[in-house]
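Asks: Turn this into a model:
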Amino acid sequence: MRRSRPEPNPQPITGQPFLAGDPLFTVIVTDYEASVSRDFFRRKMACLAAQTCKDFEVLVYHDGPKSQSYDDDLAGGPVHPATQFIVTPDHVGDWGHAARDLGIRAARGRWIIHTNADNVFYPNLIAVLKDTATDPKPWTFARAPRAYPLGLRTFANWLDRRWKTRLTASQISESSDPQILVYGIIMQGMIAMSVAYARVQEVAGRQGIIFGGVPVRYGANDAMQLVMRRELWLAEGGWHNRAVDADGLMYPEFARKYRVLAVPQVLGEHW
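Replies: Reported below is the predicted structural model:
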C-alpha cells in the first residue's frame, strides 16, 4: 500500500472538561451499516456490555443516515448502560476518521479506545487496561537513542566502546504515569507469508495472526490497539489525518513523543 503524505502538525483542539465522576475510558465505535453486518454490530455491543469492569462510556457513531434505528438493530440485545448512539446527518465516507474526531471532542473518559463496529473486545479488556493505567508502581520506559549522521555515529560508537559512554544507548527512565497503552490482538483473516502477511477475509475465525502492538510502526498496528490519554489526543488536534492509513501514519509519531507501555496480553480481535 502506498503511504499517504502526513498532514502538517495540527493545532490543539478543545474537548470536554474533566469532571469528578467521569469514566476512566471512552470507547469510540465507528459504524456504517452498509459495511458492517448487523450481526457483527450486535456482537460488538454484546462484548462491551459483558466487560467485567464498567468504568467506561461508549460513543457509537454511524457515518450518515441509517435505514433503521439502533433500537431496531439491537432488538433488545445487551447494551452497556453508558452508551450513546449518534447518527450523523451526512455520509462522509472517510473510513470513520471524521467520526473518531467527533468522539475525541465529545469524550469524557481520561483514556480513549478506538474500535470499529465489527471488532471484538474480550471481557477483561477494560479491567486489564484500568489495572495497568492506575497501577501506582513505577514502570520502566525506553526512548530510542539519538540519531547521528553516519560519520558522527561511528565516532559515538567508538566513544561508547572506549570510554563507556552511552551516546548510542537507549534512554531508560521510570514513571508511574504511562501516556499510551498498547495491547495485543488477533488479526482475524490474516495469513503468514515468507516476509510479510496477507489478508484473506474468508478464513477469519479460523486463521489469524497475533499483532503484539510493539514496536509501534507503520503496518504493524491496528487502530484499536493504541489507547492514548484524551488530553494528548486533544493536544495533537484530534484525529487530524484523513488518509486511509491514518492510524499507521499518526501512531508512530505519537510513540516517538510519549511514554508507551506494552500490555502483554491479547485482549481483542480485529475482523
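Asks: Out of the helices and strands in this structure, which is least certain?
Replies: Lowest on mean pLDDT, DSSP states H and E among the helices and strands of the chain sits helix 150-163, with a mean of 85.
Asks: Off-centre distance for that one?
Replies: Shown here is helix 150-163, whose average C-alpha point lies 38 Å from the average C-alpha point of the whole chain (CA atoms, centre = their mean, to the nearest Å).
Asks: Which residues belonging to that helix are considered buried?
Replies: Of the residues in helix 150-163, those buried by neighbour count under the rule 16 or more other CB atoms under 10 Å are residue 156. (C-beta placed from N, C-alpha, C; glycine too.)
Asks: which other residues reach that helix?
Replies: Helix 150-163 has contacts (CB atoms under 8 Å, 6 or more residues apart in numbering) with 148, 165, 166, 167, 168, 169.
Asks: and the third one, what is it in contact with?
Replies: Going by CB under 8 Å, 6+ apart, residue 166 touches residue 160.
Asks: Secondary structure element holding it?
Replies: For residue 166, there is no helix or strand it lies in under DSSP states H and E.
Asks: Local confidence estimate at it?
Replies: Per-residue confidence for residue 166 comes out at a pLDDT of 82.
Asks: All the strands of this structure, residue numbers only.
Replies: Listed in chain order, the strands found in the chain under DSSP state E are 25-31, 56-62, 83-87, 111-116, 120-121, 139-143, 171-175, 180-188, 190-192, 197-199, 208-211, 226-229, 260-270.
Asks: Looking at those strands, which is nearest to residue 248?
Replies: Distances from residue 248 to each of these were compared using CB to CB; the minimum, 10.7 Å, belongs to strand 226-229.
Asks: pLDDT of the closest one, averaged?
Replies: 98.
Asks: what sits up against it?
Replies: Contacts of strand 226-229 with the rest of the structure, by CB under 8 Å, 6+ apart, involve 25, 110-114, 129, 179-183, 213, 216, 247, 251, 254, 258.
Asks: Just the buried subset of those, please.
Replies: Using 16+ other CB under 10 Å, the buried members of the contacts of strand 226-229 are 25, 111-114, 129, 179-183, 213, 216, 247, 251, 254, 258.
Asks: so residue 86 sits right up against residue 102, yeah?
Replies: Yes - contact criterion CB atoms under 8 Å: residue 86 and residue 102 qualify, at 7.3 Å.
Asks: any idea how far stretch 110-129 is from the chain center?
Replies: Shown here is stretch 110-129, whose average C-alpha point lies 9 Å from the average C-alpha point of the whole chain (CA atoms, centre = their mean).
Asks: now stretch 239-257
Replies: Relative to its parent chain, stretch 239-257 has a centroid offset of 10 Å by CA atoms, centre = their mean.
Asks: can you list the residues that contact that stretch?
Replies: By CB under 8 Å, 6+ apart, the surrounding residues in contact with stretch 239-257 are 1, 3-7, 10, 94-95, 97-98, 100-101, 104, 114, 144, 180, 215-219, 221-223, 226, 228, 232-233, 236.
Asks: one step back: so which of residue 86 and residue 102 has more stuff around it?
Replies: Neighbours were counted for residue 86 and for residue 102 using other CB atoms under 10 Å; residue 102 has more, 18 against 14.
Asks: Would you mind listing where this protein has pLDDT under the threshold?
Replies: Low-confidence segments of the chain, defined by pLDDT under 70: 1-9.
Asks: switch the cut-off to 50
Replies: Counting by pLDDT under 50, the ranges of the chain that qualify are 1-7.
Asks: Give the residue farthest from the middle of it.
Replies: Relative to the C-alpha centroid of the chain, counting by CA atoms, centre = their mean, residue 162 is the outermost residue, at 42.6 Å.
Asks: Look up how far residue 47 lies from the closest residue to residue 40 other than its chain neighbours.
Replies: Here the nearest residue to residue 40 in space, its sequence neighbours aside, is residue 118; by CB to CB, 6 or more residues apart in numbering that works out to 4.1 Å. If you measure residue 118 against residue 47 using CB to CB, to the nearest Å, the figure is 11 Å.
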